[in-house]
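J.: What follows is a protein structure lacking sequence information:
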């Protein structure tokens, strides 16, 4: 078997669809955009889309399926969001009910799938710019925190922004702003640099989600809006059913990272 | 009466609301974003929002009202989209039915208002960069053309992109790409530079909408996606009722042009 980083998105999805891969997708099909998934009932789709529209840093939309269609027409027209992700989570009334590798039996004509940008794309851009990404170096999940930054409300959807944190040298932080500004569709520029308390984070070495990472002397924490935000907020609304990817088990699109660069 | 260009957005809207101004808004409240308006029944709101999401160059969203609320909460929280535009158009089943200065009597709890970016913002940026804007110099409306560039379909909404054209020196065209790339919320970078036939425009001096302008020797036509696109496309769907601003009679927001710059 060849190196998964060299697979095409279609090859990766085919293996996943045939139940030949149920692990995280990090490092697969390098250079292609991977996306978070949130499936909601059509009745909530307008409000959720509006929420994403109003909070583009937390909820950068890559693609939205037509109601009832499992095909992400813009980002991977030969894919099926019911089978092409290695692991899914079913939430009932806001509670995790099940983890599984194929959601075909849960799908119905009333469902709308949202694919939202994830940080893999901009981390690849940071690394290309010689900015080390600590949680990758330490082989951990990125540390994530609830903040006191309110998202802009849309209908029933409201709540605080969740951020991810990457520590780096101060000079690298400036370059990181430039590099990630090119990619508004995958969270874009940081939302905060420096003092964690200013955005309501009391204990930087105790993240609310993910793992703690080392912050070295002379490094500053840099915070980006995180794709966990929309899922956390949708959960508060307690939809009768909501289906997401399992953390780290992303949808691999046919779009290249550079396709999303605005400059 | 002071110079309208110096009025605050709130002052301008107050005069408009009190029926003291029914002329175009070009040149009012300089430096503030003006927006196109499209009001649609809630039943179409998800599809139209999705259409805008999929066609951000033609349909850059500035704000969307909550269903039934006439208040653009993000862009002008003390405004009312039913009264604060100098002239409106009511379309019934895709046909222009009426032009009027206050739509309060047409408003109902089922309506959603979309405010979409317009080219005034990037024209101001072009002028600041010493790039002359011909139709302003010649005191005409910008020339607009139907193209063979298809918009990305969303539900019932589909059709060709309408573009606006500004002729300029070739060296200015390069700077114009840079300048307008900073403003994706008001159409962003051009969609085409050069040969009109390549995008299905047969006769450059016979625009489909607006006025013809002079193209001088050594100038190249530069085409931007135009805010007429979403209205033209919504019209094809023949909504029972659709309300828009009258051309040139825009909604003045509290947002500054620079608020929309991505860089």
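T.: Looks like it came in fine. Worth saying up front: this structure is predicted, and the values here are computed from it rather than measured.
J.: could you pull out the helices for the stretch 51-200 of chain A?
T.: Counting by DSSP state H, counting those that start in this stretch, the stretch 51-200 of chain A has these helices, from start to end: A:120-128, A:134-137, A:170-181.
J.: Comparing those, which comes out most buried?
T.: With neighbours defined by mean count of other Cβ atoms under 10 Å in any protein chain shown, none of the helices of the stretch 51-200 of chain A is more surrounded on average than helix A:120-128, at a mean of 20. C-beta: built from backbone N, CA, C; applies to glycine.
J.: So is that one next to chain B?
T.: No - no part of helix A:120-128 sits close enough to chain B to count as contact by Cβ under 8 Å from any Cβ of the partner chain; the gap is at least 14.5 Å.
J.: Could you check how far residue A:86 is from residue A:28?
T.: The gap separating residue A:86 from residue A:28 is 9 Å, by Cβ to Cβ, to the nearest Å.
J.: still on that earlier bit, let's have the helices of the stretch 51-200 of chain A in CSV, adding mean pLDDT.
T.: Rendered in CSV, the data for those read as follows (pLDDT from 0 to 100):
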stretch, mean pLDDT
helix A:120-128, 92
helix A:134-137, 95
helix A:170-181, 95
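J.: closest one to residue B:19 among those?
T.: With Cβ to Cβ as the criterion, residue B:19 lies closest to helix A:170-181 of the helices of the stretch 51-200 of chain A, at 43.8 Å.
J.: what angle sits between that closest one and helix A:120-128?
T.: In terms of direction (axes from the mean of the first three to the mean of the last three Cα atoms, to 10 degrees), helix A:170-181 departs from helix A:120-128 by 140 degrees.
J.: Output the contacting helices and strands for helix A:170-181.
T.: Secondary-structure packing of helix A:170-181 (3 or more Cβ pairs under 8 Å, 6 or more residues apart in numbering or on different chains; DSSP states H and E): helix A:120-128, strand A:219-225.
J.: Could you tell me which residues of the stretch 151-263 of chain A lie near chain B?
T.: Of all the residues in the stretch 151-263 of chain A, those in contact range of chain B (Cβ under 8 Å from any Cβ) are A:152, A:154-155, A:181, A:184, A:188, A:262-263.
J.: so which pair among those residues is furthest apart in space?
T.: The distance between the two most remote of those (Cβ to Cβ) is 33.2 Å, for A:155 and A:263.
J.: Return the residues in contact with whatever residue of chain A ends up closest to chain B.
T.: Nearest residue of chain A to chain B, counting by Cβ to the nearest Cβ: residue A:46, 3.9 Å away. By Cβ atoms under 8 Å, 6 or more residues apart in numbering or on different chains, residue A:46 lies in contact with A:155, B:42, B:45-46, B:49.
J.: Save those residues as TSV, and put in pLDDT too.
T.: Below are those laid out as TSV (pLDDT from 0 to 100):
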residue	pLDDT
A:155	93
B:42	95
B:45	96
B:46	96
B:49	96
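J.: Show me how to select, in PyMOL, the buried members of those residues.
T.: Applying 16 or more other Cβ atoms under 10 Å in any protein chain shown to those leaves a buried subset, and the PyMOL line that selects it is:
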select buried, chain B and resi 45+46+49
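J.: Would you confirm that residue A:22 contacts residue A:101?
T.: Yes - here residue A:22 lies in contact with residue A:101, judged by Cβ atoms under 8 Å, at a distance of 5.4 Å.
J.: Report the set of residues contacting both of those two.
T.: Shared contacts of residue A:22 and residue A:101, defined by Cβ under 8 Å, 6+ apart, are found at A:86-87.
J.: Comparing those two, which residue is more hemmed in?
T.: The residue with the greater number of neighbours, taking residue A:22 and residue A:101 and applying other Cβ atoms under 10 Å in any protein chain shown, is residue A:101; the counts read 16 against 13.
J.: does that one really touch residue A:87, like I thought?
T.: Yes - using Cβ under 8 Å, residue A:101 and residue A:87 qualify as a contacting pair, with a distance of 5.8 Å.
J.: any residues in contact with both of these two?
T.: Common neighbours of residue A:101 and residue A:87 (Cβ under 8 Å, 6+ apart) are residue A:22.
J.: List the residue ranges of chain A that fall below the pLDDT cut-off.
T.: Where chain A drops to pLDDT under 70, the residues are A:1.
J.: domain assignment for it?
T.: Per the record, chain A has its domains at A:4-118+A:237-258, A:120-229, by automatic domain parsing.
J.: for these, which one sits closest to residue B:122?
T.: Closest to residue B:122 of those, according to Cβ to Cβ: domain A:120-229, at 17.3 Å.
J.: Pull up the distance across the closest one, start to finish.
T.: Taking Cα to Cα, to the nearest Å, the first and last residues of domain A:120-229 lie 16 Å apart.
J.: so how far is that domain from its chain's centroid?
T.: Here the centre of mass of C-alpha atoms in domain A:120-229, compared against the chain's by Cα atoms, centre = their mean, to the nearest Å, lies 12 Å away.
J.: Please apply the same query to stretch A:100-108.
T.: For stretch A:100-108, the distance between its averaged C-alpha position and the chain's averaged C-alpha position is 21 Å (Cα atoms, centre = their mean).
J.: May I see the buried residues of it?
T.: By neighbour count with 16+ other Cβ under 10 Å, stretch A:100-108 contains the buried residues A:101-103, A:107.
J.: go on, stretch A:189-207?
T.: Neighbour-count burial for stretch A:189-207, with 16+ other Cβ under 10 Å as criterion, is recorded at A:189-193, A:196, A:199, A:201, A:204, A:207.
J.: Same check on stretch A:252-263?
T.: Along stretch A:252-263, the positions that meet the burial threshold by neighbour count (16+ other Cβ under 10 Å) are A:252-255, A:257, A:260, A:262.
J.: Specify the angle between the helix or strand containing residue A:46 and helix B:42-54 in degrees.
T.: In the assignment (DSSP states H and E), residue A:46 maps to helix A:42-54. Inter-element angle recorded for helix A:42-54 and helix B:42-54: 40 degrees (by the same axes, to 10 degrees).
J.: No more questions from me, cheers.
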